[in-house]
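[1] just the structure for this:
(2 chains)
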Protein chains: 2
Amino acid sequence: MMKEINFFLAALLCAVFGFTACQQTPQHADNKPDMQQRPAYAIAIHGGAGTLSRAIMTPEKEAAYRTALDSALLIGETVLKNGGTSLDAVEKTIVFLEDCPLFNAGRGAVFTHEGKNELDASIMDGSNQKAGAVGGVSIIKNPIRLARAVMDKSPHVMLVGRGAEQFALENQIDTIDPKWFFTEERWQTLQEMLAEEKKNGKTGSLDPALRDYKFGTVGCVALDNQGHLAAGTSTGGMTNKRWNRLGDSPVIGAGTYASDDACAVSCTGHGEFFIRYAVAHDVWALMSYKGLSLAEAAEFVVNKKLVEKGAEGGLIAVDKAGNISLPFNSEGMYRGYAKPGERKVLIYKE
Amino acid sequence: MMKEINFFLAALLCAVFGFTACQQTPQHADNKPDMQQRPAYAIAIHGGAGTLSRAIMTPEKEAAYRTALDSALLIGETVLKNGGTSLDAVEKTIVFLEDCPLFNAGRGAVFTHEGKNELDASIMDGSNQKAGAVGGVSIIKNPIRLARAVMDKSPHVMLVGRGAEQFALENQIDTIDPKWFFTEERWQTLQEMLAEEKKNGKTGSLDPALRDYKFGTVGCVALDNQGHLAAGTSTGGMTNKRWNRLGDSPVIGAGTYASDDACAVSCTGHGEFFIRYAVAHDVWALMSYKGLSLAEAAEFVVNKKLVEKGAEGGLIAVDKAGNISLPFNSEGMYRGYAKPGERKVLIYKE
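    All right, here's what the predicted structure looks like:
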């Protein structure tokens, strides 16, 4: 019963955050187009892929996720409708998803083997292919903001650990007491995994029915009315991860890629496979070099190549024409998309 | 005068190491082919690309580099001639280059802004596309060995910082006092850069004539007599780097990529650009999806795409047929290659 109430509270919290965020004046008001002419835009989000077993999904829990995803879309859509950039839409949408404890990123990050939270994120601007990424940060409230600061304010692409946190301090990026990332549900998942590990004498991987969120991640891709694409991804990684492991989320080309000449992509899944097959860049390459459509490229990578390799996960992608593709090969993927006059949130294969 | 003597000593040291390494029994003697039938193999190496200004290159210095590169090739070639795997050839060759103080990797790593040495490396097995990478390690004698251990002994691809070092300790990978990485020449380069930074009030980038090795890296790609490809890269990164910056060397898809179906690639250059354009994977994609030859793909990426983006550097690549390509768009690239009956070491455009 307490769990249901917690989910209601989380959903309410996310909705309030969402409403507040939408009230903010867009940062790029000077780009504001004539409102008589409806701006063309497209946005898609994900909140992780995995087993998301229907068996452990209550109607209340499902409603909470749907509300949060819808609020996230609304935030990004509002930026884009007001003539904001795809980059701002991606950043703001992900900030909301990071602040929402339902998702494995920011506030709701899973725990490492040592009971810490180590966060990764990356962002890429399709208009100039600049990118920023951070890995293994523990005191950054919104890792996606830090990734953007790395892109905008440093000569580098990828900063990790303490160094990345030092850069955050030097650039007025919000830091926070690591306790912020403590959520009871994630803590219990770690405890169950550690108990199983102790019992079996090896790295725990839990009963699949309990593995909800093993590949939790959040991501956003967007096309703005200037024709610019952007992509971003943020995660707490895998529960029980060790040795400062980085997955695909902070790796440009693996978890995130964007180029105005083709598409913007954000991935979620078994990160090691996504690195080995440079999944986000692969979708771009299939479009650029083989002439596949966005849907063909994304489907091929997720539902043929990765399936053959035994890799679970999915991705969201948008192309320069505003087409959207959201393929996944797991039981479900928290996802949604919006275009002028159309907004949809999905969890399972529907 | 002291500098010349130092270089002679370094070359002598490298040659002795090389000779010793070549005396070791290959680990895969059971794969040893009939010696009557000459095994097909191909190997290429690089020791970094950059200005390598002829103005500051003495004949003694050049001879030292040539000797070291030749010794490195000999090590890899010996593994391959004896029926060893491309993966072993890549690892052993890079271990030698890491131990040689002439190159910016391992022993000869450059210094960070704080006067530390932070090393990165990655390796990829083309036969199964498994990969391992480490970033920002400070007590690992041979980062390429740790990258291989991550690939072989962990469920992960990428480990960074202290966590990666902890994994090394748990897996009997040699650690060493960080003083091992102190070399007078690299230390002086940092001091000069810091002095210039202090004078100009911004991040130093030195007179180009002094920037020798700004993009120092070592790498190796190989094809063995079983038709398997492998690639590896190792570096100390950029002099004066801050905030635990990672370049392309530990990023699979950017600095390193290998797949038996097409090619193996190792890059060296301005790492941020190599990440943003997923350079190593891009060469693979141009061959796989656009049907380009190895030379066409490698040349296109390095001498057209990267040049247009203002990105300095180069790469070494070998394909499944044993073709080798070594393009670079900087003044020079320390490099070499060997095939049955052929071994060559080069520095400038020759």
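[2] leaving out sequence neighbours, find the closest residue to A:V160.
    If the residues on either side of it in the chain are set aside, A:V160 comes closest to A:G135, at 4.2 Å by Cβ to Cβ, 6 or more residues apart in numbering or on different chains. The C-beta positions use only the backbone N, C-alpha and C, and glycine is treated the same way.
[3] check A:E272 too.
    B:V157 (4.6 Å).
[4] and A:R66, by the same measure?
    Spatial nearest neighbour of A:R66, chain neighbours left out: A:V345 (5.1 Å); criterion: Cβ to Cβ, 6+ apart.
[5] give me the neighbour count for that neighbour.
    Neighbour count for A:V345, taken as other Cβ atoms under 10 Å in any protein chain shown: 20.
[6] now swap in A:K141 and tell me
    Residues lying near A:K141 (other Cβ under 10 Å) number 20.
[7] likewise A:G135?
    Considering only other Cβ under 10 Å, A:G135 is surrounded by 31 other residues.
[8] quick check: end-to-end length of stretch A:175-183?
    Stretch A:175-183 has an end-to-end distance of 18 Å (criterion: Cα to Cα, to the nearest Å).
[9] show me what counts as buried in that stretch.
    Applying a neighbour-count criterion of 16 or more other Cβ atoms under 10 Å in any protein chain shown, one finds A:175, A:181, A:183 buried in stretch A:175-183.
[10] show me where the stretch 201-350 of chain A has its strands.
    All strands of the stretch 201-350 of chain A, identified by DSSP state E, counting those that start in this stretch, fall at A:218-223, A:229-235, A:245-246, A:256-258, A:263-269, A:313-319, A:324-325, A:332-339, A:342-348.
[11] in the last one, which residues are buried?
    Taking 16+ other Cβ under 10 Å as the basis for neighbour counts, the residues of strand A:342-348 that come out buried are A:344-347.
[12] which one of those residues is nearest to A:K116?
    A:I347 (29.3 Å; Cβ to Cβ).
[13] now do the contacts for that closest one.
    Contact analysis of A:I347 by Cβ atoms under 8 Å, 6 or more residues apart in numbering or on different chains lists A:52, A:57, A:62, A:65-66, A:332-335.
[14] just among these, which is most surrounded?
    Counting by other Cβ under 10 Å, top hit in these: A:Y334 with 30 neighbours.
[15] quick check: pLDDT value at it.
    With respect to pLDDT, A:Y334 scores 96.
[16] and A:A21, by the same measure?
    The score at A:A21 is 42. That number is its pLDDT.
[17] what is the rounded mean pLDDT of stretch A:153-163?
    97.
[18] ok, back up a step: against which helices or strands is the host helix or strand of the residue nearest to A:V160 packed?
    Element membership for A:G135, per DSSP states H and E: strand A:130-137. If you count contacts as 3 or more Cβ pairs under 8 Å, 6 or more residues apart in numbering or on different chains; DSSP states H and E, strand A:130-137 packs onto strand A:119-125, helix A:143-153, strand A:158-160, helix A:161-170, helix B:271-276.
[19] okay, those in TSV with mean neighbour count and distance to A:A321 next?
    Formatted as TSV, these follow (neighbours: other Cβ atoms under 10 Å in any protein chain shown; distance: least, Cβ to Cβ, whole Å):
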stretch	mean neighbour count	distance to A:A321
strand A:119-125	31	19
helix A:143-153	25	25
strand A:158-160	30	31
helix A:161-170	20	36
helix B:271-276	26	23
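[20] pLDDT weak spots in chain A?
    Applying pLDDT under 70 to chain A picks out residues A:1-39, A:51-55, A:201-214.
[21] what segments of it are helices?
    Taking DSSP state H, the helices of chain A run over residues A:2-23, A:59-81, A:86-99, A:143-153, A:161-170, A:184-200, A:271-276, A:279-290, A:294-300, A:306-308.
[22] so which bits of the shortest one are buried?
    For helix A:306-308, burial by neighbour count (16+ other Cβ under 10 Å) applies to A:L306.
[23] next one: the longest one
    Buried residues in helix A:59-81, counting neighbours by 16+ other Cβ under 10 Å, are found at A:61, A:64-81.
[24] ok, the residue in the stretch 51-200 of chain A that chain B sits nearest to - contacts?
    Using Cβ to the nearest Cβ, the closest approach of the stretch 51-200 of chain A to chain B is made by A:G163 at 2.7 Å. Residues in contact with A:G163 (Cβ under 8 Å, 6+ apart) are B:136, B:242-245.
[25] one more time with 7 Å, if that's ok
    A:G163 makes contact with B:242-245 under the criterion Cβ atoms under 7 Å, 6 or more residues apart in numbering or on different chains.
[26] if we can go back for a sec, output the buried residues of stretch A:175-183 as JSON lines; include the columns distance to chain B.
    What follows is these, written out as JSON lines (distance: Cβ to the nearest Cβ, whole Å):
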{"residue": "A:T175", "distance to chain B": "14"}
{"residue": "A:F181", "distance to chain B": "18"}
{"residue": "A:T183", "distance to chain B": "23"}
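[27] what parts of chain A come near chain B?
    A:129-131, A:135-136, A:155-164, A:166-167, A:242-246, A:251-254, A:272, A:275-278, A:281, A:285-286, A:289-290 (Cβ under 7 Å from any Cβ of the partner chain).
[28] now the two most distant members of the buried residues of strand A:342-348.
    For the buried residues of strand A:342-348, the farthest-apart pair by Cβ to Cβ is A:K344 and A:I347; their separation is 11.2 Å.
[29] isn't A:C263 right up against A:D319?
    Yes. Counting by Cβ atoms under 7 Å, A:C263 does reach A:D319; the two are 4.5 Å apart.
[30] and the residue in the stretch 201-350 of chain A that chain B sits nearest to, how many neighbours does it have?
    Taking Cβ to the nearest Cβ, chain B has its nearest neighbour within the stretch 201-350 of chain A at A:N244, 2.7 Å off. Counted by other Cβ under 10 Å, the residues lying close to A:N244 total 26.
[31] that one and A:V137, how far apart?
    Distance, A:N244 to A:V137, by Cβ to Cβ, to the nearest Å: 11 Å.
[32] one more: A:V307?
    Relative to A:V137, and taking Cβ to Cβ, A:V307 is found at 33 Å.
[33] and A:L80, by the same measure?
    A:L80 is 28 Å from A:V137, where distance means Cβ to Cβ.
[34] what of A:K179?
    A:K179 sits 15 Å away from A:V137, going by Cβ to Cβ.
[35] what does A:A278 give?
    23 Å.
[36] again, but for A:L74
    If you go by Cβ to Cβ, the gap between A:L74 and A:V137 works out to 28 Å.
[37] ditto for A:G50
    A:G50 sits 23 Å away from A:V137, going by Cβ to Cβ.
[38] same thing with A:L169?
    If you go by Cβ to Cβ, the gap between A:L169 and A:V137 works out to 11 Å.
[39] and what of A:I176?
    From A:I176 across to A:V137, the span is 11 Å (Cβ to Cβ).
[40] likewise A:G313?
    23 Å.
[41] among the contacts of A:I347, which two are most distant?
    Distance extremes for these: the farthest pair is A:M57 and A:R335 at 15.1 Å, using Cβ to Cβ.
[42] surely A:G322 touches A:A40?
    Yes. Between A:G322 and A:A40 there is a contact under Cβ under 7 Å: 6.2 Å.
[43] tell me what A:E342 is bridged to.
    A:K339 (DSSP bridges).
[44] and for A:T175?
    A:I140.
[45] who are the contact partners of it?
    A:139-141, A:168-169.
[46] using CSV, lay out the residues you listed together with distance to A:P340.
    Converted to CSV, the contacts of A:T175 look like this (distance: Cβ to Cβ, whole Å):
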residue, distance to A:P340
A:I139, 39
A:I140, 34
A:K141, 32
A:A168, 36
A:L169, 41
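[47] can you name the two of the residues you listed that sit furthest apart?
    The largest separation in the contacts of A:T175, counting by Cβ to Cβ, is between A:K141 and A:L169 at 12.7 Å.
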